[in-house]
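1. Using only what follows, build the 3D model:
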Amino acid sequence: MPYDATLAPHAAADTAHDTIGGRISLARDAVGLTVEQISAVAGVTVETWTNWENDRAEPRANRLDMLARILQVSISWLLDGQGTGPADTAA
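-> Residues are numbered from 1 along each chain as shown. Have a look, this model is predicted:
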């Protein structure tokens, strides 16, 4: 089957949020905040937030509700991509 360049952007977008870090990053972009802004709102360091987005660490369970509220997504979407995600990802 020949390479179809029109499929590549969709494949990249689909895999961009296959991890909790990718979903955190996607949701942060959707609410329009920088890492510096959102880490201040969440009460964590920029390093902690960056580690979450880059899958070097995961938020503790006691932070998930707060993150979901700040990011305007469901906890289940953060954890496994199921449920209410960022508004701009609805097809």
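2. For the one helix or strand residue 38 maps to, C-alpha coordinates in PDB please.
-> Using DSSP states H and E, residue 38 sits in helix 35-42. Extracted as PDB, the C-alpha positions of helix 35-42 are listed here (Å, rounded to 0.1, in the frame of the first residue of the first chain):
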ATOM      1  CA  VAL A  35       3.300  25.600  31.900                       C
ATOM      2  CA  GLU A  36       4.300  28.400  34.100                       C
ATOM      3  CA  GLN A  37       0.700  29.700  34.500                       C
ATOM      4  CA  ILE A  38      -0.900  26.300  35.100                       C
ATOM      5  CA  SER A  39       1.800  25.100  37.500                       C
ATOM      6  CA  ALA A  40       1.200  28.200  39.600                       C
ATOM      7  CA  VAL A  41      -2.600  27.600  39.500                       C
ATOM      8  CA  ALA A  42      -2.000  23.900  40.500                       C
END
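3. Tell me which residues of that helix come out buried.
-> 38-39, 42 (16 or more other CB atoms under 10 Å). C-beta: built from backbone N, CA, C; applies to glycine.
4. okay, the angle between whatever helix or strand comes next after it and helix 35-42?
-> Using DSSP H and E, the next helix or strand after helix 35-42 towards the C-terminus is helix 46-53. Angle, helix 46-53 to helix 35-42, by axes from the mean of the first three to the mean of the last three CA atoms, to 10 degrees: 100 degrees.
5. Show me what counts as buried in helix 46-53.
-> For helix 46-53, burial by neighbour count (16+ other CB under 10 Å) applies to 48-53.
6. now, which of the residues you listed sits nearest residue 67?
-> Nearest to residue 67 out of the buried residues of helix 46-53 is residue 52 (CB to CB; 8.4 Å).
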